[in-house]
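Enquirer: pasting the sequence and the predicted coordinates here, then a few questions.
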Amino acid sequence: MVDVAPILAKVRALGSDIVMEKGAMTIKNGALLTNEQRLWISKNRSAIEAYLEPAVAGSVPPPTSDDTQPMTWGQFARILYAEPPDTMDPLDWSYFVTQSGKVVRRYLGVDQ
């Protein structure tokens, strides 16, 4: 399986983004990507959709009242991507989540 998170981070660093809108994967600012990058995204569409759409992938664990079992950052990020605020531009929300992930990884001492 392809590790999608670093690829999304690179796409976002280039000023583009891949988001789910109304159940369909969409590339925002796709003109900023090379043909090779867009081809890779196309070839790995199902893995990217599974990462971005937790309801389809079944990747988000059921909510629990047990505070001893915290979510991983990846699980939490999937929820954030799946439930962006209606009042926020999807590209801005994606940038916010990506930057938050960097803060969390830096705090945890995880290499990026």
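Expert: Right, received. Where do you want to start?
Enquirer: ok, the closest residue to Gly15 other than its chain neighbours - how many residues close by?
Expert: Nearest non-adjacent residue to Gly15, counting by CB to CB, 6 or more residues apart in numbering: Leu32, 4.9 Å away. C-beta here means a position set from N, CA and C on the backbone, and glycine is covered the same way. As a burial measure, Leu32 scores 13 neighbours (other CB atoms under 10 Å).
Enquirer: do Ser94 as well
Expert: Neighbour tally, Ser94, other CB under 10 Å: 23.
Enquirer: renumber starting at 55 from here on
Expert: With 55 as the first residue, the last one maps to Ser148.
Enquirer: quick revisit: pretty sure the residue nearest to Gly69 is touching Asp71, no?
Expert: No: Leu86 is beyond contact range of Asp71, at 9.7 Å (criterion: CB atoms under 8 Å).
Enquirer: mind checking how far Val65 is from Met142?
Expert: Separation of Val65 from Met142 (CB to CB, to the nearest Å) stands at 19 Å.
Enquirer: who has more neighbours out of those two?
Expert: With neighbours defined as other CB under 10 Å, Val65 and Met142 compare such that Val65 has more, 25 against 11.
Enquirer: what does the model give the more buried one for pLDDT?
Expert: Among the per-residue scores, Val65 shows a pLDDT of 87.
Enquirer: same question, Ile81
Expert: Listed pLDDT for Ile81 reads 90.
Enquirer: residues in a beta bridge with it, which ones?
Expert: Using DSSP bridges, the beta-bridge partners of Ile81 come out as Ile72.
Enquirer: what's the longest helix in this structure?
Expert: Longest helix of the chain, by residue count under DSSP state H: helix 144-162.
Enquirer: flag every buried residue along that helix.
Expert: Pro144, Trp147, Ser148, Val151, Thr152, Gly155 (16 or more other CB atoms under 10 Å).
Enquirer: swap in stretch 64-76?
Expert: Those would be Val65, Arg66, Ser70, Asp71, Ile72, Val73, Met74, for stretch 64-76 by 16+ other CB under 10 Å.
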